[in-house]
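Chemist: A structural model of the following input is requested.
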Amino acid sequence: MDRTESPAETRIDLESLEQQLSSELWEQPGVYAAPETESGSEADEAPQERSEEPSEGDPGGDATSTLSSVQPLVKDRDPKGVNKCLKVTFEDVIAEPPSVRSFDKVWLGSHTIFEVSRLWFYRLISLLLAVPVSLVAGILFAILSCLHIWLIMPCVQLALINMHWIKVVWGSLLDILIAPFFSSLGKCCGAINIHVAKD
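Modeler: Numbering: from 1, shown residues only. Purely as a prediction, here's the structure:
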């Protein structure tokens, strides 16, 4: 059976794929507002859920898999729970016992000011520091990875290969000289019984 499908039909248009990815990423909740498109109705519609399996002949299959790998980065930014200790709310920091209470409006205003100032000052500081600190951390971990791969592990393997005969000799010395002595000492001490009697 010969196939009549030409290679041009299976080619992916990268520009349209990139535009589709960026427009769907901007529409996610928790991300900045979507940029205005030519038709205003597209921005108002909620993003439709997509299956991760592309259908046959669907050139956007790669777009769906790429989008599904990007979405967890936007929604869950601490998937391994590295910073569980930083889940601090107003109630964890400031609390009034029943015996002393401020006015309700003061309490609600303090709660609002705490949450808003914490969120926006974090955003401003991260706006200034996130990119430089990420660059420094990336360089640092790249250096550590390079040292580990190209220097530390070869030295460890070299030591393990060259120390194999010492391991064999030392194990033999322990089995021949030290193990019988401590075995007999343990048998001697195991026969001792102590009885405590009260007068």
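Chemist: in this structure, which helix or strand is least confident?
Modeler: Ranking every helix and strand in the chain by mean pLDDT, DSSP states H and E puts helix 40-44 at the bottom, with a mean of 45.
Chemist: Point out the other helices and strands that the longest helix along the chain packs with.
Modeler: Assignment by DSSP state H gives helix 104-147 as the longest helix of the chain. Counting contacts by 3 or more Cβ pairs under 8 Å, 6 or more residues apart in numbering; DSSP states H and E, helix 104-147 is packed against helix 90-93. C-beta here means a position set from N, CA and C on the backbone, and glycine is covered the same way.
Chemist: what's in contact with the helix it packs on?
Modeler: For helix 90-93, the surrounding residues in contact (Cβ atoms under 8 Å, 6 or more residues apart in numbering) are 110-111, 114-115.
Chemist: got the residues you listed as JSON lines, with pLDDT, distance to Cys155 and neighbour count columns?
Modeler: Output for the contacts of helix 90-93, formatted as JSON lines (pLDDT from 0 to 100; distance: Cβ to Cβ, whole Å; neighbours: other Cβ atoms under 10 Å):
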{"residue": "Ser110", "pLDDT": "94", "distance to Cys155": "58", "neighbour count": "14"}
{"residue": "His111", "pLDDT": "93", "distance to Cys155": "56", "neighbour count": "14"}
{"residue": "Phe114", "pLDDT": "93", "distance to Cys155": "52", "neighbour count": "15"}
{"residue": "Glu115", "pLDDT": "92", "distance to Cys155": "52", "neighbour count": "12"}
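Chemist: can you give me the mean pLDDT across stretch 126-144?
Modeler: For stretch 126-144, mean pLDDT is 96.
Chemist: If you could redo that for stretch 156-163, that was the one I meant.
Modeler: 92.
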